[in-house]
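Peer 1: Just to be clear, the model below is a prediction. Sequence and coordinates:
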Amino acid sequence: MKSQLYLWSRWVLYLGRSFDTHRHTHHAVQLTIGLDGPLWISKGSHDQQQLPAVVISSETAHSLQVEGQWVASIYLEPESEDCGRMVDHYSGNQSSRFKALNVESDTQRHFLALLKSDVNPQLARQLLQKMIEPNAMTNSHPLDPRIIKVLKYLNKDPGLNIPVAELAQLVSLSPDRLTHLFRQEIGIPIRRFVLWQKLRVAVGAACQGKPLISAALEGGFTDSAHFTHSFQKLFGINPSFLFNQKNQLAVYIE
């Protein structure tokens, strides 16, 4: 089976061999499911728990002692509404920074089936939404036209660092009002959305075979070290892992 990585505008899904064996932290909230056995999660050398699946809070030092095991790992922006819904839904001791999950066997089978097939963004998104929005009604209201205009402006050149004040002027709003409206409509703060967008652009360029420095610049980072630090800070993964041919990783970028 070939590992798969999906990058959306505010979500990341990794399906494949676990690589989380060294103690580390990251900013994104992580939901990991053991697909072929339980997970051993550790906060320290003498503090291990065996769980079928787990939600790990932002900035929580941990390691998953499951090297080589097949897993599904979802990464969410901790400031997003998606993350709030997910954390509120699953039971567990919040003070421990870990929440145990009991995942339906059908869910595990569906993730495994996806792993055994070709990259399928539609199915991957459906499975991801089932995990992060278990009780949420689908909100199909149209986006505010002003937010659509801002998104189009950002998408013209995703590598640019555009000040919020400039975006606010574009749609005749104050920066504070635009910040509030953007989060209300998109579900994530505007500055975090821009960071995720830059990371996706840089990863996409690197996956096309461009040198890391070129990919970083294309994503709006000052250099490859800045890109590597930002990616590792958010996901706990060195981006060089993605481009190592030995990993046999298939990547989808929205």
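Peer 2: Alright, I've got the coordinates.

Peer 1: So for the helix or strand containing A206, mean pLDDT?
Peer 2: Element membership of A206 [criterion: DSSP states H and E] is helix 190-207. Average pLDDT, helix 190-207: 88.

Peer 1: what's near enough to touch I188?
Peer 2: Contacts for I188 (CB atoms under 8 Å, 6 or more residues apart in numbering) come out as R10, E77, E79, S80, E81, D82, W196. Bear in mind the C-beta positions are built from the backbone N, C-alpha and C, glycine included.

Peer 1: The last one touches A28, doesn't it?
Peer 2: Going back to what we said before, that points to W196. No: using CB atoms under 8 Å, W196 makes no contact with A28, being 9.7 Å away.

Peer 1: tell me, what's touching these two both at once?
Peer 2: In contact with both W196 and A28: E77, using CB under 8 Å, 6+ apart.

Peer 1: Between the two, which is the more surrounded one?
Peer 2: Per other CB atoms under 10 Å, whichever of W196 and A28 has more neighbours is A28, with 24 against 20.

Peer 1: Please report phi then psi for that one.
Peer 2: According to degrees, to the nearest 10, the main-chain angles of A28 amount to phi -70, psi 150.

Peer 1: Pull out the buried positions in stretch 212-221.
Peer 2: Neighbour-count burial for stretch 212-221 flags L212, A215, A216, L217, E218, G219, G220, F221 (criterion: 16 or more other CB atoms under 10 Å).

Peer 1: Widest-spaced pair of these?
Peer 2: L212 and G220 (14.4 Å; CB to CB).

Peer 1: my read is V12 is in a helix, agree?
Peer 2: No: counting by DSSP: H, G, I helix; E, B strand; the rest coil, V12 is not part of a helix but strand.

Peer 1: does the closest residue to it other than its chain neighbours have beta-bridge partners, and which?
Peer 2: In space, and not counting its chain neighbours, V12 is closest to Y75: 4.1 Å by CB to CB, 6 or more residues apart in numbering. Here Y75 sits in beta bridges with V12, Q30, as judged by DSSP bridges.

Peer 1: Identify the residue spatially nearest to L112, adjacent ones excluded.
Peer 2: L35 (5.2 Å).

Peer 1: how far away is E254 from S174?
Peer 2: Using CB to CB, to the nearest Å, one gets 30 Å for the distance from E254 to S174.
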